[in-house]
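A.B. asks: starting from these lines, generate the structure:
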Amino acid sequence: VHANIIEGCLVHHWKRWRAYKVYLADVSTIFGDKWQYWNQEYHSAQQIFGDTITGMSIRSLIHGKHSTLYMDSVESTFGILQNGQELLQLLGYGVRDGRPHCFTYVILADRVHFSETGHS
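C.D. replies: Purely as a prediction, here's the structure:
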């Protein structure tokens, strides 16, 4: 678990912004060679993933932000999750400060990255 104070300051009024990096076993066994390609009909996705200078610039900014968000630090905590219940406990059952919380995620070849997006 990464509790990133820099991101928290920028978007969440001095609260630590939590980002999670969970390594997964057997992703390729479960998903095989299936990949979810980006939605080419979605305008915002076209701006981000399109083969344009704007798209390349946006992707570069996103990569930099993700590098900061998921960077290990002395405040990072590490452990092994044994089951889904432990994952839910780690996430506070999707509640923070008494409010439901949303997460953004991406499944990679060997792990899932996810972070707080905001609250409902």
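A.B. asks: after the helix or strand of the chain with the lowest mean pLDDT, next one along is what?
C.D. replies: Ranking every helix and strand in the chain by mean pLDDT, DSSP states H and E puts helix 5-11 at the bottom, with a mean of 48. Downstream of helix 5-11, the first helix or strand assigned by DSSP states H and E is strand 17-23.
A.B. asks: so what's the gap between the next helix or strand after that following strand and the chain middle?
C.D. replies: Later in the chain than strand 17-23, the nearest helix or strand by DSSP H and E is helix 27-31. Centroid separation for helix 27-31 versus its chain: 20 Å, with Cα atoms, centre = their mean, to the nearest Å.
A.B. asks: please enumerate residues in contact with helix 27-31?
C.D. replies: 107-110 (Cβ atoms under 8 Å, 6 or more residues apart in numbering). All C-beta atoms are positioned from the backbone trio N, CA, C, and that covers glycine.
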